[in-house]
Each structure stands twice: as C-alpha cells, then as structure tokens.
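Enquirer: fold the following for me, if possible:
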Amino acid sequence: MPENTYQQQVLEFSTPQWKPEAILRQRCPQPILNTEHGVLFQGDCLEILKHIESESVDTVFADPPFNLGKHYGKKVNDSLGENEYLNWMHTWIAECERVLRPGGSLFIYNLPKWNIMLGPYLLERGLTFRHWIAVNIKMSMPINGRLYPSHYSLIYYSKGSKPKTFRKIRTPIETCRHCGGDIKDYGGHRSAMNPKGVNLTDVWNDIPPVRHWKFKSKKRQANQLSTKLLSRVIEISTRPGDIVLDPFGGSGTTFAVCEARHRYWIGIELENCDVIIERLTRGEISQHLNTDFIDDAN
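Expert: This next block holds a predicted model:
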C-alpha cells in the first residue's frame with residue numbers, strides 16, 4: 001500500500017463571502033468576535049438563538065453541560081434536578097430544530113443517561129434518528145456497583161426523513177503499534193479491501209482525549225473536545241460554505257475546525273469568551289491529526 005494513502009486530505013475551496021446578517025434578525029445583539037468565517041456571541045443561548053432566522057443553519061453540534069455539578073463559571077448552574085435539566089435541554093433543542101434547514105443535521109454530545117432520555121422528544125420535534133455514536137474515551141473513574149463507563153454518547157438526528165448531506169468517511173485499517181500488522185483480518189480478504197480505508201462505524205475508538213497543552217487552553221479547566229471529533233462531525237454532515245451552529249462554545253473547538261475546513265459558523269458561549277477569542281486569533285492551539293478519507297470530496 002502506498003505510504004501516503006492515509007495522509008490527511010488538504011483541499012482548496014472557494015466559498016462565497018460570509019454574510020451573517022442574512023440569517024441574523026435585525027435586533028440581534030452584536031457579536032463579540034467576527035472572523036472571515038463566523039460570528040461569536042457571548043450570552044445565553046436561549047436568548048441568542050431567538051435572533052437566528054428559521055431554517056438557515058445546515059448542522060448543529062451541541063456539547064451542553066452534563067449536569068454533574070462541575071464549575072464552569074458563575075453563570076452556569078450544573079446541578080439541576082433531573083426534570084429541570086431535561087426541560088432546559090428541550091427548550092434549546094426546540095430552537096435548534098427551528099433554525100435547522102430541512103435535511104439539516106443535529107448532533108448532541110452528552111452522557112448516555114441524558115441522551116437516551118432525549119429520544120422521544122427529538123422524535124416529537126419531527127427529527128429522524130440516524131445514529132447513536134459511542135465515543136470511546138476513558139476519562140472517568142470506576143463506579144462501585146456499575147460497569148466502568150468508557151464512552152460518551154453522540155446522537156445524530158436529521159430534520160426530516162433523510163439528511164441533505166451525508167458524506168462517506170473512510171478510516172485507516174487499525175494496526176498493531178508493536179508489530180505493525182492489521183489488528184483485524186476483515187474476513188481474510190485483505191487484498192480486496194478498499195485502499196482508501198474502511199467505512200466509518202458508529203463506535204469511534206480513535207478520538208484522543210485532550211490532555212496535552214499543545215491541544216488545549218491553559219485558561220480553561222473544564223474538559224475540552226478533540227478537534228478530530230469535530231472535524232469528523234462537520235465532514236460527515238456539511239460541505240464547504242455550509243453553516244454550523246454551536247450553542248455551547250466552550251473552548252472554541254467547533255469554531256477552530258470550521259475555520260480550518262472552510263465552513264461558516266455561529267457560536268454562543270455564556271461564560272467568558274477570552275479563551276475562544278485567543279484560540280481563533282492567535283492560532284497557538286494545534287489540531288489533532290485526522291487521517292479520515294472523505295470518499296465524495298470532489
């Protein structure tokens with residue numbers, strides 16, 4: 001197999017000029033940051049989302065607080081009762097569904113406990129279940145009397161019966177880090193495998209935890225997402241020039257990936273946005289290597 005078969009794709013795109021005013025209503029608050037590809041708002045997503053025109057966004061990615069009692073800042077209450085937390089989730093999900101274009105995609109990253117409870121509500125909103133993606137990251141401690149929780153849940157729904165964009169992703173065949181041999185023989189037909197890689201599955205074992213300072217801001221103590229996870233979500237569900245919304249900006253991972261992959265974006269963050277602004281303007285935080293192959297890139 002050629003040595004460069006799985007090198008990350010680097011493509012040049014020509015996208016139209018970003019005009020956020022076309023999808024933001026007249027009385028929308030002023031963004032705290034404007035870039036060539038996006039706008040960032042500081043405030044409550046329940047308020048900011050009201051200012052986005054209906055059916056104007058191609059993909060929503062949401063990584064809300066998990067209601068584990070963590071300290072994200074003075075403005076975030078991460079210790080709600082179960083019903084109160086779910087009602088809050090339903091409220092912003094309804095707004096996200098409203099702003100999605102027909103066929104648009106919704107991804108919610110959360111604990112399995114919460115995502116499984118969201119299923120009936122998402123169906124009520126007219127969203128169609130696509131996948132339950134298990135993101136295998138061992139970030140927690142074992143819990144007495146329970147199986148060791150080793151994955152986060154990424155649920156994927158589309159607005160309507162089918163997504164308007166679904167791009168095939170291929171990943172390299174897994175190899176042993178010691179001997180270099182294939183971990184799986186894929187039925188003994190290795191020679192018949194597609195040289196571009198294997199079809200992406202709904203279990204993602206290759207998302208690295210963000211532990212090294214090279215990949216995260218020292219100013220944010222809360223967990224930060226891998227750019228590999230976001231680049232995969234964005235490449236599956238959008239094309240260059242599409243619009244991505246993230247109502248929980250966090251450390252700005254979604255926006256950094258959108259900038260690098262020529263997607264337009266709308267971001268919202270309730271707490272201080274300095275970490276996001278520095279990340280997007282200074283370019284000091286690296287992105288994880290992504291060896292995914294996009295099978296329909298042309």
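Enquirer: list phi and psi for residue 62.
Expert: phi -130, psi 130 (degrees, to the nearest 10).
Enquirer: and it, what does it touch?
Expert: Taking C-beta atoms under 8 Å, 6 or more residues apart in numbering, we find residue 62 in contact with 92, 93, 96, 106, 107, 108, 109, 246, 247, 248. Yep, even glycine has a C-beta here, placed from its N, CA and C like the rest.
Enquirer: the last one is in contact with residue 269, isn't it?
Expert: Yes - contact criterion C-beta atoms under 8 Å: residue 248 and residue 269 qualify, at 7.1 Å.
Enquirer: out of the two, which sits in the busier spot?
Expert: residue 269 (27 against 20; other C-beta atoms under 10 Å).
Enquirer: so who does that one touch?
Expert: So residue 269 contacts 40, 41, 42, 248, 249, 250, 276 (C-beta under 8 Å, 6+ apart).
Enquirer: how about residue 249?
Expert: The contact partners of residue 249, taken as C-beta under 8 Å, 6+ apart, are 40, 255, 267, 268, 269, 273, 276.
Enquirer: now with 10 Å?
Expert: Each residue near residue 249 by C-beta atoms under 10 Å, 6 or more residues apart in numbering is listed here: 40-42, 45, 63, 255, 265-271, 273, 275-276.
Enquirer: quick one: stretch 90-104 to chain centroid distance?
Expert: Its chain's C-alpha centre and that of stretch 90-104 lie 15 Å apart, by C-alpha atoms, centre = their mean, to the nearest Å.
Enquirer: and that stretch, what's buried?
Expert: Using 16 or more other C-beta atoms under 10 Å as the test for burial, stretch 90-104 gives 92, 93, 95, 96, 97, 98, 99, 100, 101, 103, 104.
Enquirer: now do stretch 60-80
Expert: For stretch 60-80, a neighbour-count test (16+ other C-beta under 10 Å) marks 60, 61, 62, 63, 64, 65, 66, 67, 72, 78 as buried.
Enquirer: including secondary structure, distance to residue 168 and pLDDT, could these go into CSV?
Expert: Below are the buried residues of stretch 60-80 laid out as CSV (DSSP: H, G, I helix; E, B strand; the rest coil; distance: C-beta to C-beta, whole Å; pLDDT from 0 to 100):
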residue, secondary structure, distance to residue 168, pLDDT
60, strand, 21, 98
61, strand, 19, 98
62, strand, 24, 98
63, coil, 25, 96
64, coil, 29, 96
65, coil, 33, 93
66, coil, 31, 91
67, coil, 35, 89
72, coil, 36, 77
78, coil, 37, 75
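Enquirer: what helix or strand is the residue most central in space within the chain located in?
Expert: The chain has residue 230 as the residue nearest its centroid, 4.0 Å off, counting by C-alpha atoms, centre = their mean. Using DSSP states H and E, the element containing residue 230 is helix 227-237.
Enquirer: hang on, the earlier thing: where helices are concerned, which of the contacts of residue 269 count?
Expert: Under the assignment DSSP state H, the contacts of residue 269 contribute residue 276 to helices.
Enquirer: in a markdown table: the contacts of residue 269, plus distance to residue 114 and pLDDT.
Expert: Putting these into a markdown table (distance: C-beta to C-beta, whole Å; pLDDT from 0 to 100) gives the following:
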| residue | distance to residue 114 | pLDDT |
| --- | --- | --- |
| 40 | 26 | 97 |
| 41 | 25 | 97 |
| 42 | 25 | 97 |
| 248 | 14 | 97 |
| 249 | 20 | 94 |
| 250 | 17 | 90 |
| 276 | 24 | 92 |
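Enquirer: widest-spaced pair of the contacts of residue 269?
Expert: 41 and 250 (13.8 Å; C-beta to C-beta).
Enquirer: which parts of the stretch 101-250 of the chain are helices?
Expert: For the stretch 101-250 of the chain, the helices defined by DSSP state H, counting those that start in this stretch occupy 112-124, 227-237.
Enquirer: much appreciated, bye for now.
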